[in-house]
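Chemist: Just to be clear, the model below is a prediction. Sequence and coordinates:
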Amino acid sequence: MRKILKGAVVLLISFVIVFSSVAVSADTENDIITRNKQTCDVDISKEAGVTYIENEPITYLTNTGGPIIFSQQPVDENNATYGPVSDAGSPNSPRVYDNFWGLTEDITDVHWWGVWGYGSTKPTIGDTFEISFCADNGGIPDYNNHLYDFTGSIGSEITYVGTGKYYFSYELYYMEMDLPTPVSMESGWVSFYKTNDNLQIFAMVTAKTGDGKFYHYNSVGIRYDDVAFELTGGTELEIVNIAGGFGVSANIRNIGTVAAENVQWEIKFDGGIILYPSGGVKTGGPVNIPPATDQAIKAIALGFGGFIIPLNIIISATADNADPVSVTVPAKLLLFIVII
């Protein structure tokens, strides 16, 4: 029996551990509201008789994919108003621009709220939007000179979901789109414009905070109100420099522009016969990773795999407000030695 056990230990040993995880700090909603109100000049008629919502990230679906760097949340549901049309299919093709300011990092994705009038009163797969950014030109958007233009379609680049809130009996929808390239602007104007002409007419929804003005191109020009949207920065995450040897080592790299906070990581030995770590899984964190910085991680395993029985090493990481990242690497394990 002792010889059998000894032989089993010699043949069945494997080690791999890798860590990956990233998080990002973000302003609280109160911080954002305070900053937005510093230059607030809201129309008195808007302030009277409107009930503003509190922070409701579940019902109003506040973004969780990255740190919110600018936010104008929707007013509470009501049957008195929703907002201005921003649709090429409407007479005169009106287009909404609203301004933002005080950004200290790049914009990586956008989020906006609105309603669909007429037709089925909800988004149609294939509806297209142009997301545009331009500079300020004497208090109005420089709409003839867009600095950035991005196009996305509902159901592909643009995700959407109903909020269960209603304005003039139309349900409020929440849209989100990751930008293919970051937008580097401290301040300026952004537009959310439905470009296809069909029965569905898109309108923005009024916001509860802002500086009290937006621009309605091909309509009334400057309007003394705000529309609901959010701009999000981001930490992109990478797992790099994966190596074998006496265990497994790797780096979690923060390639974003803000610190990654509360990073949690996992290294999993998937397959083979793993005696250590328990269950073939090693975890670590939380740690904070500054921007443009690597965090080294390492794990040791005991076992056997990859020669006859397939073995993969799966390194993954999560963060408070960053997208999860995962890398799978085929490997071989002989006792404590990892071959990648």
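Modeler: Ah, there it is. Residues are numbered from 1 along each chain as shown.
Chemist: Could you use CA atoms for every contact and neighbour count after this?
Modeler: Noted.
Chemist: can you give me the helices for the stretch 1-150 of the chain?
Modeler: In the stretch 1-150 of the chain, the helices defined using DSSP state H, counting those that start in this stretch lie at 2-11, 29-37, 44-47.
Chemist: pLDDT weak spots in this structure?
Modeler: Along the chain, the parts satisfying pLDDT under 70 run over 1-66, 80-81, 235, 257, 321.
Chemist: Paired strands for the longest strand along it, with orientation please.
Modeler: The residue-count maximum for a strand in the chain (DSSP state E) belongs to strand 170-183. Counting by DSSP bridges, the strands paired with strand 170-183 are strand 107-117 (antiparallel), strand 158-167 (antiparallel).
Chemist: List the buried residues of it.
Modeler: In terms of neighbour count (16 or more other Cα atoms under 10 Å), strand 170-183 has its buried residues at Tyr170, Glu171, Leu172, Tyr173, Tyr174, Met175, Glu176, Met177, Asp178, Leu179, Val183.
Chemist: and which of the residues you listed is nearest to Gly303?
Modeler: Of all the buried residues of strand 170-183, Asp178 has the smallest distance to Gly303: 42.1 Å, by Cα to Cα.
Chemist: so who does that closest one touch?
Modeler: Shown in contact with Asp178 (Cα atoms under 8 Å, 6 or more residues apart in numbering): Thr108, Asp109, Val110, Glu157, Ile158.
Chemist: burial of the residue lying closest to Pro324 once chain neighbours are set aside, as a residue count?
Modeler: Sequence neighbours aside, Thr318 is the residue nearest to Pro324 in space, at 4.6 Å (criterion: Cα to Cα, 6 or more residues apart in numbering). Residues within reach of Thr318, counting by other Cα atoms under 10 Å, total 24.
Chemist: any idea how far Phe214 is from Thr318?
Modeler: Computed with Cα to Cα, to the nearest Å, the distance linking Thr318 and Phe214 is 37 Å.
Chemist: I'd assumed Gly83 was in contact with Tyr167.
Modeler: No. If you go by Cα atoms under 8 Å, Tyr167 and Gly83 don't touch, sitting 9.2 Å apart.
Chemist: Common neighbours of those two, please.
Modeler: Counting by Cα under 8 Å, 6+ apart, nothing touches both Tyr167 and Gly83.
Chemist: Please parse the chain into its domains.
Modeler: 2-24+235-339, 29-232 (automatic domain parsing).
Chemist: Pick the most buried one from the ones you listed.
Modeler: Highest mean neighbour count of those: domain 2-24+235-339, a mean of 21 (counted as mean count of other Cα atoms under 10 Å).
Chemist: what's the distance between it and the middle of its chain?
Modeler: 25 Å (Cα atoms, centre = their mean, to the nearest Å).
Chemist: do the same with stretch 331-340
Modeler: 37 Å.
Chemist: before we move on, back to that, what helix or strand is the residue nearest to Pro324 located in?
Modeler: Using DSSP states H and E, Thr318 sits within strand 311-319.
Chemist: which is the next helix or strand following that strand?
Modeler: Remark: after strand 311-319, the chain's next helix or strand is strand 322-330, criterion DSSP H and E.
Chemist: What is the subsequent helix or strand relative to that next one?
Modeler: Next helix or strand after strand 322-330 toward the C-terminus (DSSP H and E): strand 332-335.
Chemist: how about that following strand as CSV, C-alpha atoms only?
Modeler: Below are the C-alpha coordinates for strand 332-335, written out as CSV (Å, rounded to 0.1, in the frame of the first residue of the first chain):
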residue,chain,number,x,y,z
LYS,A,332,1.7,20.5,-18.8
LEU,A,333,2.4,19.8,-15.1
LEU,A,334,4.9,17.3,-13.7
LEU,A,335,5.0,17.5,-9.9
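Chemist: if we can go back for a sec, and the buried residues of strand 170-183, which two are the farthest apart?
Modeler: Most distant of the buried residues of strand 170-183, by Cα to Cα, are Tyr170 and Val183, 32.1 Å apart.
Chemist: for Val190, what are its contacts?
Modeler: For Val190, the contact set (Cα under 8 Å, 6+ apart) comprises Tyr97, Asp98, Asn99, Phe100, Ile131, Ser132, Phe133, Cys134.
Chemist: thinking again about what came up before, test my guess that the residue nearest to Pro324 contacts Asn288.
Modeler: No. Contact criterion Cα under 8 Å: Thr318 and Asn288 do not qualify, at 11.7 Å.
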